[in-house]
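Novice: Quick one, fold the following:
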Amino acid sequence: MNPLKVAIVHYWLLNMRGGEKVLEALCEMFPGAQIFTHVYDPRAISGSIAEHQVRTTFIQKLPLACKLYKKYLPLMPLALEQLDLTGYDLVISCESGPAKGVITHPAALHVCYCHTPMRYLWDQYHFYRANAGWITRWLMPVLLHRLRIWDVTSAARVDHFVANSTAVVSRVRKFYRREAVCIHPPCDVESFAPSSDRGDFYLYVGQLVAYKRVDLAIEAFNALGKPLVIIGDGEELGRLKKMAGPSISFLGRASFESLKLHYARCRALVFPGEEDFGIVPVEAMASGRPVIAFGKGGALDTVIDGQTGILFEAPTAQALIQAIARFEANESLFNPQALVDHARKFSKEVFMQRLSGQIDQWLAGS
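Specialist: Predicted coordinates for the structure are as follows:
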């Protein structure tokens, strides 16, 4: 029997975030796979990905592609359809930007691992438009209308969808009218550990962009006067610094060692936005620390209210303040080892085992 020939289609390769951690695991599962992507910067990607053959679409050759790639979004459907995947038995597309729209051989199995249907097309379209510059705001209704049509059409090219959370299962069903299997993305839980040296601060970790709602955390901790450490960078940094009172400190992009230390020493992680899944809460729990999270999206899959953290229902500073009060009244009940044990359910090994078993089942039935 000839070995399986595998292609992995990833939206773009310009940094190492949650989607690229999934890609790393896929590369480990399929060491002979070839990677296809729109734009690729090998300096920004881990060695385990870079050692694979990476092919790009024509977007890579456009001016300043690694910087302006989002401006080329309307061209990406055409670029994907130019990729020749005729010789591949298994195609795995990783979708949160355009990736699943490739044309595969009729006998090939196409599995889409969906981090989320494109936010700027669907559930967060109005949010993105309201926060865009005036030229982009004027162009979005025309350009994205056509892109939505292609996005739904290209969903029919996928044989099976895998979603990274139950929230994304619902979005796939809503926007594509397709069913998806939920397999949570991998977290490197073994790299984190609890510490007996505990601080008195709360922690936020993540990009400083509008939809993450860091402003809610700042408003709440300004009112409480309690220390909040913010690790991360992004376009909202200037505005958030102007909002922040003296109890709030910004560390920017911290080293991995500093990140691990802050996870392990914080009283709790604050997670105020709605995420597709959210690796950060799992990393905090792997460090033995509970999570205070907005109770929507991926947090519902990772944070068990009253056991591994506290969930709050409304996206308001007042709701977060009440959740912090509830946490502090029950802080002694959160057992670090129980949190670590819970986090291990989201390990890379669990992800690979579940996805490999599911793909084998689909291949056997094809």
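Novice: contacting residues around the lowest-mean-pLDDT helix or strand in the chain?
Specialist: When the helices and strands of the chain are compared on mean pLDDT, DSSP states H and E, helix 125-130 comes out lowest with a mean of 84. Identification of contacts with helix 125-130 by C-beta atoms under 8 Å, 6 or more residues apart in numbering yields 119, 120, 136, 137, 140, 141, 144, 210, 211. For glycine as for every other residue, the C-beta is placed from the backbone atoms N, C-alpha and C.
Novice: same thing but at 6 Å, please
Specialist: With contact meaning C-beta atoms under 6 Å, 6 or more residues apart in numbering, helix 125-130 is reached by 120, 137, 140.
Novice: in it, what's buried?
Specialist: 125, 128, 129 (16 or more other C-beta atoms under 10 Å).
Novice: tell me the contacts of the nearest residue in space to residue 354 that is not next to it in sequence?
Specialist: Distance criterion C-beta to C-beta, 6 or more residues apart in numbering; nearest residue to residue 354, sequence neighbours excluded, is residue 183 at 4.9 Å. Residue 183 sits next to 162, 354, 355 when contact means C-beta under 6 Å, 6+ apart.
Novice: Buried subset of the contacts of helix 125-130 as a ChimeraX selection?
Specialist: This is the ChimeraX syntax for the buried subset of the contacts of helix 125-130, where burial follows 16+ other C-beta under 10 Å:
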select :120,140
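Novice: Output the contacts of helix 125-130 as TSV; include the columns secondary structure, distance to residue 49 and pLDDT.
Specialist: Below are the contacts of helix 125-130 laid out as TSV (DSSP: H, G, I helix; E, B strand; the rest coil; distance: C-beta to C-beta, whole Å; pLDDT from 0 to 100):
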residue	secondary structure	distance to residue 49	pLDDT
120	coil	25	82
137	helix	35	87
140	helix	32	88
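Novice: can I get the contacts of helix 125-130 in TSV with distance to residue 46?
Specialist: Listed next are those as TSV, based on distance: C-beta to C-beta, whole Å:
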residue	distance to residue 46
120	27
137	36
140	33
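Novice: returning to what we had before: just the buried subset of the contacts of residue 183, please.
Specialist: Looks like the contacts of residue 183 have 162, 355 buried, using 16+ other C-beta under 10 Å.
Novice: Which ones among the contacts of residue 183 lie within strands?
Specialist: Members of these lying in strands (criterion: DSSP state E): residue 162.
Novice: Out of the contacts of residue 183, flag the one nearest to residue 338.
Specialist: Nearest to residue 338 among these, counting by C-beta to C-beta, is residue 354 at 22.6 Å.
Novice: And the closest one, what's its pLDDT?
Specialist: Looking at residue 354, its pLDDT stands at 97.
Novice: Need the residues that contact stretch 69-76.
Specialist: With C-beta under 6 Å, 6+ apart as the criterion, stretch 69-76 contacts 12, 38, 39, 59, 62, 98, 143.
Novice: at 7 Å what do you get?
Specialist: Outside stretch 69-76, the residues that touch it by C-beta atoms under 7 Å, 6 or more residues apart in numbering are 12, 38, 39, 59, 62, 65, 98, 143, 147.
Novice: now stretch 134-148
Specialist: Contacts for stretch 134-148 (C-beta under 7 Å, 6+ apart): 74, 121, 125, 129, 132.
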